[in-house]
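Chemist: Generate coordinates for the sequence data below:
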Amino acid sequence: MPVRPSPDAAPPLRAWQRKALVEYLRRRSDDFLAVATPGAGKTTFALRIAAELLADGTVDSVTVVAPTEHLKTQWAQAAARVGIQLDANFRNSDVHTSADFHGVAITYAQVGMDPGVHRRRVMTRSSLVVLDEVHHAGDAKTWGDGVRTAFGPAVRRLALTGTPFRSDDNPIPFVRYERGGDGLLRSAADSTYGYSDALADGVVRPVMFLAYSGEARWRTSAGDELAVRLGEPLTKDLTAQAWRTALDPRGEWMPQVLRAADNRLRVLRAGGMTDAGGLVIATDQNAARSYAKLLHTITGEAPTVVLSDDDGASARIAEFAESDARWLIAVRMVSEGVDIPRLAVGVYATSASTPLFFAQAIGRFVRARRPGETANVFLPSVTPLLELASAMEAERDHVLGAPKKDGWDDDALAEAQRAEDAAGELERGVEHLSATAELDQVIYDGTSFGTPIAAGTPEEEEFLGLPGLLTPDQVQTLLSKRQAEQLARQKSHSPSTPPPPSGPNRDMTTAERRVTLRRQLNALVGAEHNRTGKPHGQIHAALRRSCGGPPSAQATVEQLEERIATIQSW
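Modeler: Have a look, this model is predicted:
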């Protein structure tokens with residue numbers, strides 16, 4: 001048996017960790033749920049508890065259960081730094097681990113495959129079981145049943161999560177639920193440290209979302225050609241298809257957004273975050289490879305690509321984390337728990353839109369290292385993502401039996417996305433024609449700034465060129481200043497009456513007039529959003545109710561002019 005670790009060897013605790021530790025030691029209960037925002041230090045907190053319980057003889061063994069192979073390796077490395085030796089190579093067939101270790105680090109999948117092995121282990125030696133990102137125990141019935149079977153006899157169970165909410169009605173094992181006044185059961189945490197608390201304490205970075213819209217064109221299997229604008233009120237089907245068209249690496253949207261993201265990364269590196277890194281989260285492996293080629297062309301440097309959760313993936317992620325390399329591209333495995341503190345720029349290039357996945361993905365960029373660092377995430381300007389970006393500080397518990405809000409059902413959306421991926425583009429017969437990018441708005445602290453501007457313009461550079469190290473108040477001030485300058489320029493160049501038939505506008509085609517009018521309308525909608533706080537989609541819908549006609553992507557020149565006059569009258 002290795003030497004019992006000393007709690008004094010652990011790093012100093014933050015205020016929330018000290019408070020939670022005191023609460024844990026005071027209760028000394030079998031189960032404890034700690035909810036803390038990504039980047040707050042849940043691993044450090046759990047290892048301190050493990051060291052305390054090993055040192056006083058409450059437990060003789062520690063088992064850490066993590067979602068992925070990479071994360072269990074990460075746990076073992078972190079534990080070793082505080083004197084706790086965990087075997088991350090333990091396999092179910094081993095039955096027992098070497099006496100050199102205090103315990104093991106395993107995955108939920110391992111537990112689900114043979115819970116009896118792990119039940120015997122915790123019955124043989126008094127054990128603390130750490131359930132990392134415990135909501136994964138509800139991912140599959142076999143996992144949940146396996147966790148209950150395996151770790152019911154454990155002396156102590158410590159559950160951790162940064163995103164406790166789910167949309168299903170499967171209770172998470174070893175999580176306490178309490179009935180509220182509405183009769184619904186809600187998960188009850190013993191310690192909670194949310195993103196807003198961590199932001200106020202300087203533990204996490206504030207996030208600046210740069211939402212890109214633009215026109216997407218595709219041809220349906222029936223041969224019909226459609227063109228819509230991302231960010232405008234659209235049906236779910238049109239939104240989904242426009243979104244997929246934008247993310248197609250063969251179009252112009254992704255190269256323009258990747259170029260903008262790399263420019264932002266360069267500014268951060270030059271402005272004080274010299275090792276700042278970027279992460280592109282792709283929908284699938286083919287897209288990830290294509291994005292890698294685009295970034296190589298844009299930057300002249302081949303990015304690190306992680307395609308699956310295999311043996312080599314952990315090594316590539318660890319190497320990137322310790323290097324000075326600029327870009328990492330991954331599918332969905334770098335969305336949760338992976339610790340790369342230097343990540344500061346993200347490109348959300350995936351169709352995943354569940355609150356759970358979004359929160360986990362954004363959590364990769366928020367770990368603070370020093371004052372003034374800001375996370376920067378580039379994303380498509382589509383309603384589901386804009387709503388999630390605007391509600392970053394909202395906290396949700398796991399609620400059993402609640403009616404599902406349209407668009408927020410994690411399982412239904414995930415199933416739909418899996419079915420969509422399986423169908424394949426060729427089978428659907430959809431041909432992506434083109435997609436152009438335009439910086440639609442910047443979302444910061446729940447507020448939208450800016451009006452639509454084309455990618456690659458000096459106006460876009462004004463937003464991408466914000467200094468690398470700024471306090472939250474300075475970010476707010478500069479974004480407000482940029483927006484005021486935009487609106488002043490647009491006002492000086494936007495006549496209140498239609499242009500005369502002579503002059504430079506006399507040869508403008510109908511298509512060009514529609515593009516100009518739609519850009520002007522979207523700018524005015526952006527200004528109205530900033531004035532009233534109403535979502536862009538709600539303002540567009542109000543204009544349609546007032547003026548009639550189809551969505552602006554299909555509106556005529558006369559209809560667009562009427563909507564512009566109406567919103568100006570507001």
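
Chemist: hey, where'd the helices end up in the stretch 451-570 of the chain?
Modeler: Using DSSP state H, counting those that start in this stretch, the helices of the stretch 451-570 of the chain run over 458-464, 472-493, 510-532, 536-547, 557-569.

Chemist: Is it possible to get JSON lines of those helices that adds distance to A80, mean pLDDT and mean neighbour count?
Modeler: (Each C-beta comes from the backbone N, C-alpha and C, glycine too.) Shown next, in JSON lines, are the helices of the stretch 451-570 of the chain (distance: least, C-beta to C-beta, whole Å; pLDDT from 0 to 100; neighbours: other C-beta atoms under 10 Å):
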{"stretch": "helix 458-464", "distance to A80": "41", "mean pLDDT": "88", "mean neighbour count": "17"}
{"stretch": "helix 472-493", "distance to A80": "36", "mean pLDDT": "78", "mean neighbour count": "14"}
{"stretch": "helix 510-532", "distance to A80": "50", "mean pLDDT": "74", "mean neighbour count": "18"}
{"stretch": "helix 536-547", "distance to A80": "49", "mean pLDDT": "83", "mean neighbour count": "18"}
{"stretch": "helix 557-569", "distance to A80": "61", "mean pLDDT": "88", "mean neighbour count": "16"}
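
Chemist: Output these in a markdown table; the columns should cover distance to P206.
Modeler: A markdown table is the format used below for these (distance: least, C-beta to C-beta, whole Å):
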| stretch | distance to P206 |
| --- | --- |
| helix 458-464 | 15 |
| helix 472-493 | 5 |
| helix 510-532 | 19 |
| helix 536-547 | 22 |
| helix 557-569 | 31 |
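
Chemist: Not counting sequence-adjacent ones, nearest residue to T97?
Modeler: Once flanking residues are discounted, T97 sits nearest to D87: 4.6 Å by C-beta to C-beta, 6 or more residues apart in numbering.

Chemist: Quick check: beta-bridge partners of that neighbour?
Modeler: Beta-bridge partners recorded for D87 (DSSP bridges): V104.

Chemist: so what's it scoring on pLDDT?
Modeler: pLDDT for D87: 96.

Chemist: hang on, it packs against A99?
Modeler: No: taking contacts as C-beta atoms under 8 Å, D87 lies outside contact range of A99: 10.6 Å.

Chemist: Who has more neighbours out of those two?
Modeler: Applying other C-beta atoms under 10 Å to D87 and A99 shows that D87 carries more neighbours, namely 18 against 7.

Chemist: That one: what's it in contact with?
Modeler: 76, 97-98, 101, 103-105 (C-beta atoms under 8 Å, 6 or more residues apart in numbering).

Chemist: Drop anything exposed from those.
Modeler: 76, 97, 101, 103-105 (16 or more other C-beta atoms under 10 Å).

Chemist: related to what we said a few turns ago, nearest to Y195, of the helices of the stretch 451-570 of the chain?
Modeler: With C-beta to C-beta, the closest approach to Y195 among those belongs to helix 472-493: 13.2 Å.

Chemist: Would you check that L160 makes contact with V129?
Modeler: No: using C-beta under 8 Å, L160 and V129 do not qualify as a contacting pair, with a distance of 11.2 Å.

Chemist: Quick check on the two: which one has the bigger neighbour count.
Modeler: Neighbour tally, L160 and V129, criterion other C-beta under 10 Å: the higher count belongs to V129, 28 against 24.

Chemist: In its sheet, which strands sit next to whatever helix or strand the more buried one lives in, and in what direction?
Modeler: Secondary structure from DSSP states H and E places V129 in strand 127-131. With DSSP bridges as the test, strand 127-131 is paired with strand 61-66 (parallel), strand 156-161 (parallel).

Chemist: Give me the number of neighbouring residues for the residue nearest to A375 when sequence neighbours are not counted.
Modeler: Leaving aside its sequence neighbours, A375 sits nearest to F365 (C-beta to C-beta, 6+ apart; 3.8 Å). F365 has 25 neighbours, counted by other C-beta under 10 Å.

Chemist: swap in V147?
Modeler: 27.

Chemist: same deal with V95?
Modeler: Using other C-beta under 10 Å: V95 sits among 11 other residues.

Chemist: picking up where we left off before, need the contacts of D87 in a markdown table with pLDDT and distance to V155, can you?
Modeler: Shown next, in a markdown table, are the contacts of D87 (pLDDT from 0 to 100; distance: C-beta to C-beta, whole Å):
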| residue | pLDDT | distance to V155 |
| --- | --- | --- |
| A76 | 95 | 21 |
| T97 | 85 | 18 |
| S98 | 85 | 22 |
| F101 | 94 | 18 |
| G103 | 96 | 12 |
| V104 | 97 | 16 |
| A105 | 97 | 18 |
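
Chemist: Format these as JSON lines; extra columns: distance to A46.
Modeler: Listed next are those as JSON lines, based on distance: C-beta to C-beta, whole Å:
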{"residue": "A76", "distance to A46": "13"}
{"residue": "T97", "distance to A46": "19"}
{"residue": "S98", "distance to A46": "22"}
{"residue": "F101", "distance to A46": "17"}
{"residue": "G103", "distance to A46": "12"}
{"residue": "V104", "distance to A46": "15"}
{"residue": "A105", "distance to A46": "12"}
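
Chemist: just curious, which of those residues is nearest to P384?
Modeler: Checking the contacts of D87 against P384 with C-beta to C-beta, the nearest one is A105 at 34.7 Å.

Chemist: Now the closest residue to that closest one other than its chain neighbours, what are its backbone angles?
Modeler: The shortest distance from A105 to any non-neighbouring residue, by C-beta to C-beta, 6+ apart, is to K72 (3.9 Å). Per-residue torsions, K72: phi -70, psi -30 (degrees, to the nearest 10).

Chemist: now swap in A51 and tell me
Modeler: The phi/psi pair for A51 (degrees, to the nearest 10) is phi -60, psi -40.

Chemist: Test of understanding: give the bridge partners of the closest residue to E225 other than its chain neighbours.
Modeler: Spatially, and ignoring its direct neighbours in sequence, E225 is nearest to R219 (5.0 Å; C-beta to C-beta, 6+ apart). Beta-bridge pairing of R219 under DSSP bridges involves E225, E431.

Chemist: Who are the contact partners of R219?
Modeler: Per C-beta under 8 Å, 6+ apart, neighbours of R219: 225-226, 430-431, 433.

Chemist: could those go into a markdown table alongside distance to V267 and pLDDT?
Modeler: Output for the contacts of R219, formatted as a markdown table (distance: C-beta to C-beta, whole Å; pLDDT from 0 to 100):
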| residue | distance to V267 | pLDDT |
| --- | --- | --- |
| E225 | 38 | 88 |
| L226 | 36 | 89 |
| V430 | 37 | 81 |
| E431 | 37 | 86 |
| L433 | 33 | 87 |
